[in-house]
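Visitor: generate coordinates for the sequence data below:
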Amino acid sequence: MIAIYPGSFDPITLGHLDIIERGSKLFDRVVVAVLRNPGKTPLFTVEQRLRQIHTATQHLPQVEVDSFDGLTVTYANLIGARVLLRGLRVLSDFEKELQMAHTNKTLSTEIETVFLATSTEYGFLSSSIVKEIARFNGSIDHLVSPHVAAELYECYNNQTTQY
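Guide: Numbering: from 1, shown residues only. From the prediction side, this is the model:
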């Protein structure tokens, strides 16, 4: 069975990687799918995020990396996936994700959403938090893979912070 783990992954964190690794034990194939969202202004391009994810997941042979536009259920049907994999950190995540799961079910009755609770050590972690810490020269080495940390440090070292 094919599962899709959709998201912006700007950047991919160890929390995301935790869900991907655990999902890869449950499904035959997991497609980590970067949404091309014109409503957001990401730090990294889609191509950079695809490369970051590919590097972070290269040890998982059943994981693929792709990008898509539009509705997740449309993409899922296009590639033959029947499961949307989602991670949950806190109660507010559950409320939002449950609403989205119900909405997706009205769009495609064949698609199921499977929720995985984030491992305890990553329950606080988000891409936004990682970027904020990196922006102010804090250590993010325990939050993202080394190659992602290097790209974030490089990105923010090239920007001027004004107070």
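
Visitor: what comes up buried for the longest helix along the chain?
Guide: When the chain is parsed with DSSP state H, its longest helix is helix 91-107. Buried residues in helix 91-107, counted by 16 or more other CB atoms under 10 Å: 93, 97, 101, 104. Glycine gets a C-beta too; all of them are placed from N, C-alpha and C.

Visitor: hmm, the second one is touching residue 89, no?
Guide: This means residue 97. No - if you go by CB atoms under 8 Å, residue 97 and residue 89 don't touch, sitting 10.1 Å apart.

Visitor: residue 141 should be in a strand, yeah?
Guide: No - assessed with DSSP: H, G, I helix; E, B strand; the rest coil, residue 141 is coil; it does not lie in a strand.

Visitor: apart from its neighbours in sequence, what residue is nearest it?
Guide: residue 149 (5.4 Å; CB to CB, 6 or more residues apart in numbering).

Visitor: and residue 148, by the same measure?
Guide: Using CB to CB, 6+ apart, the closest residue to residue 148 is residue 11 (4.9 Å).

Visitor: do you know how far the one you found is from residue 53?
Guide: Applying CB to CB, to the nearest Å, the value for residue 11 to residue 53 is 9 Å.

Visitor: and residue 20, what does it touch?
Guide: Neighbouring residues of residue 20 by CB atoms under 8 Å, 6 or more residues apart in numbering: 5, 30, 32, 57, 60, 63.

Visitor: check the offset of stretch 14-22 from the chain's centre.
Guide: From the chain centre to the centre of stretch 14-22 is a distance of 9 Å (CA atoms, centre = their mean, to the nearest Å).
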